[in-house]
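**Q** The sequence isn't on hand, but the structure is:
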């Protein structure tokens, strides 16, 4: 029976060969959405296996709409690479857990939650006259609330619903 590592390597190789050059993460040129510099060495100085892992994380994030629409996937991949270079013995899933709350992009998150709001049939029926303004406001408030809760370590199973409810109340108060 093949080991998990060998299966992962085969999957990485298959995924890498299926990607075109434009789907590859260029860590030397990529600019993180918030201007952070992770202090990574040039790609030429990094073990190719680690670059493949980072690229896998980039593609993993980029091909999942709920992730790609809320995260800076390049930032996430480079943060993964930075963690990998600091801890070369850690398993991929451990590093993935360490970086899962990194690179939350407030602009992308706001747009995502605003779109979710606009697609909410209940809100469409209840607030047709102010739906656009309400959803813009809710998108911003939900993004800010989720980022705050995530950074403070207070994100749990009921977080999303409570953040949405609070955002809706705040926005309706502002708009009325």
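**A** Yep, that arrived. Keep in mind that this is a model prediction, so the values were computed, not measured.
**Q** what pairs with the residue positioned nearest the centre of the chain across the strands?
**A** In the chain, the residue lying closest to the centroid (CA atoms, centre = their mean) is residue 71, at 2.5 Å. Residues found in beta-bridge contact with residue 71 (criterion: DSSP bridges) are residue 104.
**Q** Check the gap between it and residue 98 for me.
**A** As judged by CB to CB, to the nearest Å, residue 71 and residue 98 stand 15 Å apart. Placement of C-beta: from N, CA and C, glycine included.
**Q** which ones are touching the nearest residue to residue 26 once chain neighbours are set aside?
**A** Using CB to CB, 6 or more residues apart in numbering and skipping the chain neighbours, the partner closest in space to residue 26 is residue 43 (7.6 Å). The neighbours of residue 43, taking CB atoms under 8 Å, 6 or more residues apart in numbering as the test, are 26, 27, 28, 51.
**Q** roughly how far out does stretch 98-105 sit from the chain middle?
**A** Going by CA atoms, centre = their mean, to the nearest Å, the spacing between the C-alpha centre of stretch 98-105 and its chain's C-alpha centre is 6 Å.
**Q** For it, the averaged confidence score.
**A** Mean per-residue pLDDT for stretch 98-105: 91.
**Q** What are the buried residues along that stretch?
**A** 98, 99, 102, 103, 104, 105 (16 or more other CB atoms under 10 Å).
**Q** what residue ranges in this protein score low on pLDDT?
**A** Flagging of the chain using pLDDT under 70 yields the residue ranges 1-23.
**Q** What are the boundaries of the strands in it?
**A** Remark: strands of the chain are absent; assignment by DSSP state E.
**Q** Pretty sure residue 101 sits against residue 151.
**A** Yes. The pair residue 101 / residue 151 is scored as a contact, 7.4 Å apart, by CB atoms under 8 Å.
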